[in-house]
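*Asks:* just need the structure, nothing else, for what follows:
(one chain, ligands or ions: 2)
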Amino acid sequence: MTAQVTFVGCGDAFGSGGRFNTCFVVDAPGVRYAIDFGATSLVALKQAGIEHNSIDAIVLTHIHADHCAGVPSMLLDAMLGARRQTPLVIAGPPDTENRMMEVMEVLMPGSGVMEPRFDLTYVDMQLMKPNQVTEHLTVTPYPAYHTAETNPTSIRCEAGGKVVSYTGDSAWTKHIPKISKDADLFICESYFYEKPIRFHMNYPDVLEHWDEFQAKRTILTHFSSEMLAMADRVPEECAHDGLVVEI
Ligand SMILES: [Zn+2]
Ligand SMILES: [Zn+2]
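*Replies:* Residues are numbered from 1 along each chain as shown. Ligands and ions are numbered 1, 2, ... in the order given. Purely as a prediction, here's the structure:
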């Protein structure tokens, strides 16, 4: 059994390099899920030729616009234009349902009165525990070291025997070796090449901790323009929008 991971978007919050915000679509046996759904992810999915109606679950790492702000327009389209009929689960850190309702009301005022005709379920995941998100998808979130108000997590997703893990936006934590261990794919933030930026993993952190990752494959993501400018000096595997990986 194989799974496929499509890097629909792997950019930072500021459009560096013309890249889309974070959204990774995983096709695992029994479930298609997206990890994060940033402000530009709906456009990115269209460009990648992926129907958002075909996604069974969205797993959010934290409540920052470049990781979750595409959800309101996606939900509206699912209700009005794309006429979704199949269930959708939106899972995320504690308080995700409330926070996403607020995001929805701010970005699409008045949309709160609309009732989807499909089953829409929010899952506020418990930290440090496996959470059953769909029948085939289990996600274990760990606390990340990032802007506290975003309820930041690093996640380990398991579906069809395949593990995809992602640091989210996070400076180094002791949990990162746990989420990466034996993962079929570990997606690791590497925001800046040289400049130390608080609340993020930067390339020097990646190098310092490389031996602790222990995943079968590691791909770096969330590049600033400074990191992109140095990418030819980076021998580790780097994400780009449109990258498709078999695991
Ligand atoms: Zn980010
Ligand atoms: Zn963030």
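
*Asks:* the strand or helix carrying residue 155 close to ligand 1?
*Replies:* Secondary-structure assignment from DSSP states H and E places residue 155 in strand 153-159. No. Judged by Cβ under 5 Å from the ion, strand 153-159 stays clear of ligand 1, getting no closer than 12.6 Å. In this view, the C-beta of every residue, glycine as well, is placed from N, C-alpha and C.

*Asks:* which strands border that strand, and is each parallel or antiparallel?
*Replies:* With DSSP bridges as the test, strand 153-159 is paired with strand 137-143 (antiparallel), strand 162-166 (antiparallel).

*Asks:* what residues does this protein have near ligand 2?
*Replies:* Near ligand 2, when you scan the chain using Cβ under 5 Å from the ion, you find 64, 169.

*Asks:* get me the contact residues on the chain for ligand 1.
*Replies:* For the chain, the contact set with ligand 1 under Cβ under 5 Å from the ion comprises 13, 66, 169.

*Asks:* before we move on, back to that, chain center to the strand holding residue 155: distance?
*Replies:* 9 Å (Cα atoms, centre = their mean, to the nearest Å).

*Asks:* send the alpha carbons of that strand over as CSV?
*Replies:* The C-alpha coordinates for strand 153-159 follow below in CSV (Å, rounded to 0.1, in the frame of the first residue of the first chain):
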residue,chain,number,x,y,z
THR,A,153,0.7,22.2,17.5
SER,A,154,3.0,19.8,15.8
ILE,A,155,1.1,16.8,14.4
ARG,A,156,1.6,13.1,13.7
CYS,A,157,-1.1,11.8,11.3
GLU,A,158,-1.6,8.1,10.7
ALA,A,159,-3.9,6.6,8.0
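
*Asks:* got any ranges where this protein has weak pLDDT?
*Replies:* For the chain, no stretch has pLDDT under 70.

*Asks:* tell me where it has helices.
*Replies:* Using DSSP state H, the helices of the chain run over 41-48, 65-68, 71-80, 96-107, 176-180, 203-213, 225-229.

*Asks:* deepest in the core, which of the ones you listed is it.
*Replies:* Among the helices of the chain, the stretch with the highest mean neighbour count (mean count of other Cβ atoms under 10 Å) is helix 65-68, at a mean of 24.
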